[in-house]
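*Asks:* predicted model, plus sequence, below.
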Amino acid sequence: METADDRGAVALHEPPVAYPDLPPTSGRVGPEPEDFRVDEVPAYAASGKGEHQYVLVKKRLLTTPELAKRLARAAGVQERDVGYAGMKDKYAVTTQWLSVSSKTTLSKELALGPGVEILEVTRHENKLRTGHLLGNRFTITLSGVHEDAWERATAICSRLREDGLPNYFGAQRFGHGGRNLGDALAWLARGGRGRSRFEQKLFPSVLQSELFNRYLTARLALGARQLIAGEVVRLEGAGAMFRVEDVATEQPRLEKRDLHLTGPMIGPKLRPAAADALALEQRLTAELGLTEAMLGVLGREAPGVRRDLFAPLGDLAIERDAKGLVLAFTLPAGGYATEVLRQLTHEPFLSGSGHAGPSKPAEPGAADEE
């Protein structure tokens, strides 16, 4: 299903749920930030030595950029001297590492204002940068659920754990009513001019995400466990990718989970597909209204990459609670916890913690993807 944005300028793709035959749990997150917890899983442990101080911080009702600004001010450095691996949602309680390049030795007692607590301080040789994480561990409380929500959630999550979570970009990527997509297409039609630096980075990612979501839905319709000619797949346990030239030869490897399907995040450095997969990508690109000239503008800001069509749902636990259900799971970097919630409730969640219910989403904070 697709919906037009509030100006009628563009249709935003609304991804289907993976298992429409299974009854949803219903429910909402909140009302407290503590009902949506995010704990970062770092890519590596700090060595304890080096010029960069690593600070493990717990924050509440605060965006990651706001946290970085506070830390820079307290440490007496410029904001550019503070690094972090990814953004964490505002309407939540989250923990994450930040790095600071400062000659002043920091301590756990450093005051960072309300809603912030320093849990640990250590050192490492390099600055933290975007992507320096394995993923995030989520602990989410759903209230107002169906009376047999535990059984329903268990059935859906068992399938997701077996098949993987369809790796859609969540609704918060696109703003209320898909407004970001309409703005991004208008920006592209103007040749990528006349916007702030923030929007110069936002709009290309929005367009990439929308095309990826459309590709994922179209690809699922062709069979999640069936290869198509010319698609680019990733080898299990590695970042190595290759294009499928002989479907019959490679199909058994997909069935054994030795291969993973990928989709396009468009850009000039995107590893190219061929044959049927390329035709599908080209059709969807045209349906979105992207011309060759527009793709050239987009490529100045978005080099392009392949993204897995499915994300593993790790360390899954579902418990009953006085409020309803407590869900705990781990997603790799780039995965949206709100997509797990959508699969369970069959309702969109615009914000990570959504104090309002699914049908009346809360103001979006930072995306819970990296």
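*Replies:* In hand now; what should we look at? Numbering: from 1, shown residues only.
*Asks:* could you pick out the longest helix of the chain?
*Replies:* For the chain, the helix with the greatest residue count under DSSP state H is helix 197-221.
*Asks:* who's in contact with that one?
*Replies:* Helix 197-221 is contacted from outside by 12-13, 15-16, 166-169, 173-174, 180-181, 183-185, 187-188, 192, 195, 228, 261, 263-267, 280-281, 284-285, 287-288, 290, 298, 301-302, 304, 307, 309, using CB atoms under 8 Å, 6 or more residues apart in numbering. Where C-beta positions appear, they are placed from N, C-alpha and C, glycine not excepted.
*Asks:* could you point out which element follows it?
*Replies:* For helix 197-221, the following helix or strand on the C-terminal side (DSSP states H and E) is strand 232-235.
*Asks:* list the buried ones in the very next helix or strand once past that following strand?
*Replies:* Once the chain leaves strand 232-235, the next helix or strand it forms, by DSSP H and E, is strand 241-243. Neighbour counts over strand 241-243 (16 or more other CB atoms under 10 Å) mark Arg243 as buried.
*Asks:* what do you get for stretch 110-128?
*Replies:* Buried, per 16+ other CB under 10 Å, within stretch 110-128: Leu110, Leu112, Val116, Ile118, Val121, Thr122, Arg123, His124, Lys127, Leu128.
*Asks:* now do the fourth one against Leu61, distance only.
*Replies:* The one in question is Ile118. 17 Å (CB to CB, to the nearest Å).
*Asks:* any weak-confidence spans in the stretch 251-370 of the chain?
*Replies:* 350-370 (pLDDT under 70).
*Asks:* got the contact list for the residue nearest to Ala111 when sequence neighbours are not counted?
*Replies:* Using CB to CB, 6 or more residues apart in numbering and skipping the chain neighbours, the partner closest in space to Ala111 is Ala74 (6.5 Å). The neighbourhood of Ala74, defined by CB under 8 Å, 6+ apart, consists of Leu110, Ala111, Leu112.
*Asks:* in what helix or strand does the residue lying closest to the first one once chain neighbours are set aside lie?
*Replies:* Meaning Leu110. Spatial nearest neighbour of Leu110, chain neighbours left out: Ala74 (5.4 Å); criterion: CB to CB, 6+ apart. In this assignment (DSSP H and E), Ala74 forms part of helix 64-75.
*Asks:* buried ones in that helix?
*Replies:* Buried residues in helix 64-75, counted by 16+ other CB under 10 Å: Thr64, Glu66, Leu67, Ala68, Arg70, Leu71, Ala72, Ala74, Ala75.
*Asks:* could I get these as JSON lines with distance to Val145 and pLDDT?
*Replies:* Formatted as JSON lines, the buried residues of helix 64-75 follow (distance: CB to CB, whole Å; pLDDT from 0 to 100):
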{"residue": "Thr64", "distance to Val145": "30", "pLDDT": "96"}
{"residue": "Glu66", "distance to Val145": "32", "pLDDT": "97"}
{"residue": "Leu67", "distance to Val145": "32", "pLDDT": "98"}
{"residue": "Ala68", "distance to Val145": "36", "pLDDT": "97"}
{"residue": "Arg70", "distance to Val145": "36", "pLDDT": "97"}
{"residue": "Leu71", "distance to Val145": "38", "pLDDT": "97"}
{"residue": "Ala72", "distance to Val145": "41", "pLDDT": "96"}
{"residue": "Ala74", "distance to Val145": "41", "pLDDT": "95"}
{"residue": "Ala75", "distance to Val145": "43", "pLDDT": "95"}
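*Asks:* and Pro33, its phi and psi?
*Replies:* Note on Pro33: its backbone torsions stand at phi -60, psi -30 [degrees, to the nearest 10].
*Asks:* measure it to Ala92 for me?
*Replies:* Distance from Pro33 to Ala92, by CB to CB: 5 Å.
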